[in-house]
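In: Build me a model from this:
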Amino acid sequence: MIPGTEGKWLHPPFSGDVAEGYIWGRGAMDIKQMLIGILESAEYLLSRGSVFRRTVYLAFGEDEETRSTGARAISDTLKRRGVELEFVLDEGAGDVTNAADYGAPGTLVCPIGVYEKGYANLKLTARSRGGHSSNPFRGTSLGALSKAITAIVEQPPEPHLSDAILQTLSSLSPKIIEEPMASWVHDVGAHEAEILDWFLRHESLYHQVQTTVAPTMIRGGSPAGNVMPQDMEAIINFRIAPPDTPESLLKHCRKVAGDGVELEFVQQIGPSVPSEIDSYGYRSLKAVLEHYFRDLVFIPMQNRGATDARHYEQICRCCLRFGPFLEEEDISAEGIHGTNERISIRAYLQGIRVLVKLMETTCTEETRSVIP
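Out: Residues are numbered from 1 along each chain as shown. Now for the predicted structure:
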């Protein structure tokens, strides 16, 4: 919650009020609804005598938004015990959009996150003794920093159609009816360059094929207009798309930035390992979702944000990101991390139905369905 906005909330931000068809409060859409929904789903099954044929681990790391030490500790503990998981379901994805940008107008798609992009903060340092601005013979640290930032922004790593993107296109191809994409997706190998260009020209698609570059911070400027700055630093944030890695990204940035600046990562983690869509976990989740949301086409895709799921890859080959609490677009846009964050009772209960059905069909004894 942003300090100073407390008075703008229609219901107190930490009240959990149930009113006007919504559950109100900070975290109602990110990610308390998933936390409580999982617990309610498990309790529902247990209270009705369901017998589990698989062990179900409810794993809640306390610091996913920062260092994910909780998830790391849980995953490491399970690994030490020799546990291998069939699949993991974490938060993420679940945004319903029109697939017009893919060439499938009128088709409503909902992504299942099968991998995450990597994350890196690159620090650029330009050093200078400063001095009076009347004698900038060797330039300024700000000038050197600006040139390096511009070079990195204007020359990002090459885009790629990763295996996960190929799976996305394959899943969606029956719905793609507009040319030229309709022809291209039937022979992706022959039209890779055209498809890449298509993705790069659409705001909703480009991030899937491109490591994104976003300068976000700069420090050390001069306190006066006639004084040259001394040492200056900047931060560029990258979301790393496969097959790029932190190592290849740093090498690329050093090449394009040239001399005059120092480059080092202050934080970095590579892309996660994509989960196979032919896996038991993916097929099971997709089947349950299609049972309840029959007007949507579920497709594998990258998860734009980071989650704890990547930390379970050491003990699981199928780590999925999907929160089944599908909310109206205007509520989602207004609510997450914002003032008057809330979730509709409808979306919350529907998400619980999905979680119950998923646990029932994959983890309990073969009995009649306990929930329609």
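In: What ranges does the stretch 251-372 of the chain have for its strands?
Out: Ranges of strands within the stretch 251-372 of the chain are 262-269, 297-303, 319-321, 342-344, based on DSSP state E, counting those that start in this stretch.
In: Please identify which of those strands is closest to residue 163.
Out: Comparison of these against residue 163 by Cβ to Cβ identifies strand 297-303 as nearest, at 9.9 Å. For glycine as for every other residue, the C-beta is placed from the backbone atoms N, C-alpha and C.
In: what bits of the chain have low per-residue confidence?
Out: The chain contains residues with pLDDT under 70 at 1-2, 334-335, 366-372.
In: mind listing the helices for it?
Out: Applying DSSP state H to the chain gives helices spanning 32-47, 69-80, 141-154, 163-172, 181-184, 192-200, 206-209, 246-257, 280-292, 329-335, 345-363.
In: can I get the strands of the stretch 251-372 of the chain in CSV with mean neighbour count and distance to residue 194?
Out: Shown next, in CSV, are the strands of the stretch 251-372 of the chain (neighbours: other Cβ atoms under 10 Å; distance: least, Cβ to Cβ, whole Å):
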stretch, mean neighbour count, distance to residue 194
strand 262-269, 14, 32
strand 297-303, 23, 20
strand 319-321, 28, 29
strand 342-344, 24, 41
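In: between the ones you listed, which gets nearest to residue 40?
Out: Nearest of these (Cβ to Cβ): strand 342-344, 13.4 Å.
In: circling back: of all the helices of the chain, which one comes closest to residue 306?
Out: Using Cβ to Cβ, these put helix 69-80 closest to residue 306, at 10.9 Å.
In: Now do the buried residues in the closest one.
Out: 70-72, 74-75, 78 (16 or more other Cβ atoms under 10 Å).
In: Kindly format the C-alpha coordinates of that helix as CSV.
Out: This file holds the C-alpha atoms of helix 69-80, laid out as CSV (Å, rounded to 0.1, in the frame of the first residue of the first chain):
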residue,chain,number,x,y,z
THR,A,69,14.6,-17.5,1.0
GLY,A,70,11.5,-19.3,2.1
ALA,A,71,11.0,-21.1,-1.2
ARG,A,72,14.7,-22.0,-1.4
ALA,A,73,14.7,-23.5,2.1
ILE,A,74,11.5,-25.5,1.4
SER,A,75,12.9,-26.8,-1.9
ASP,A,76,16.3,-27.6,-0.5
THR,A,77,14.6,-29.5,2.4
LEU,A,78,12.5,-31.6,0.0
LYS,A,79,15.6,-32.3,-2.1
ARG,A,80,17.6,-33.5,1.0
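In: what's around the nearest residue to residue 74 once chain neighbours are set aside, how many residues?
Out: Excluding its sequence neighbours, the residue lying closest to residue 74 (Cβ to Cβ, 6 or more residues apart in numbering) is residue 59, at 4.8 Å. Number of residues near residue 59 (other Cβ atoms under 10 Å) recorded here: 18.
In: Please apply the same query to residue 133.
Out: Around residue 133 there are 14 residues (other Cβ under 10 Å).
In: now residue 223
Out: As a measure of burial, residue 223 has 6 neighbours, counting by other Cβ under 10 Å.
In: now it: how far from residue 229?
Out: 9 Å (Cβ to Cβ, to the nearest Å).
In: mind listing what the residue nearest to residue 342 when sequence neighbours are not counted touches?
Out: Closest residue to residue 342 apart from its sequence neighbours, by Cβ to Cβ, 6+ apart: residue 22 at 4.1 Å. By Cβ atoms under 8 Å, 6 or more residues apart in numbering, the contact list for residue 22 reads 28, 342-345.
In: okay, these in CSV with distance to residue 309 next?
Out: Converted to CSV, the contacts of residue 22 look like this (distance: Cβ to Cβ, whole Å):
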residue, distance to residue 309
28, 21
342, 25
343, 21
344, 26
345, 27
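In: Of the residues you listed, which is the nearest to residue 175?
Out: Taking Cβ to Cβ as the measure, residue 175 sits nearest to residue 344 out of those, at 27.7 Å.
In: which ones are touching the closest one?
Out: With Cβ under 8 Å, 6+ apart, residue 344 has these contacts: 21-23, 327-328, 331.
In: Export the residues you listed as JSON lines, with columns for distance to residue 237.
Out: Converted to JSON lines, these look like this (distance: Cβ to Cβ, whole Å):
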{"residue": "21", "distance to residue 237": "38"}
{"residue": "22", "distance to residue 237": "33"}
{"residue": "23", "distance to residue 237": "33"}
{"residue": "327", "distance to residue 237": "27"}
{"residue": "328", "distance to residue 237": "30"}
{"residue": "331", "distance to residue 237": "28"}
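In: Could you say which of those is surrounded by the most neighbours?
Out: residue 327 leads the contacts of residue 344 on contacts (other Cβ under 10 Å) with 26 neighbours.
In: Which residue is the nearest non-sequential neighbour of that one?
Out: Excluding the flanking residues, the one nearest residue 327 by Cβ to Cβ, 6+ apart is residue 347, at 4.5 Å.
In: is it true that that neighbour touches residue 324?
Out: No. Between residue 347 and residue 324 there is no contact, the gap being 9.0 Å when judged by Cβ atoms under 8 Å.
In: Which one's more surrounded, those two?
Out: residue 324 (25 against 22).
In: what's the closest non-adjacent residue to the more buried one?
Out: residue 354 (3.7 Å).
In: Now do the contacts for the nearest residue to residue 246 once chain neighbours are set aside.
Out: Leaving aside its chain neighbours, residue 246 sits nearest to residue 268 (4.2 Å; criterion: Cβ to Cβ, 6+ apart). Contact partners of residue 268, counting by Cβ under 8 Å, 6+ apart, are 118-121, 246.
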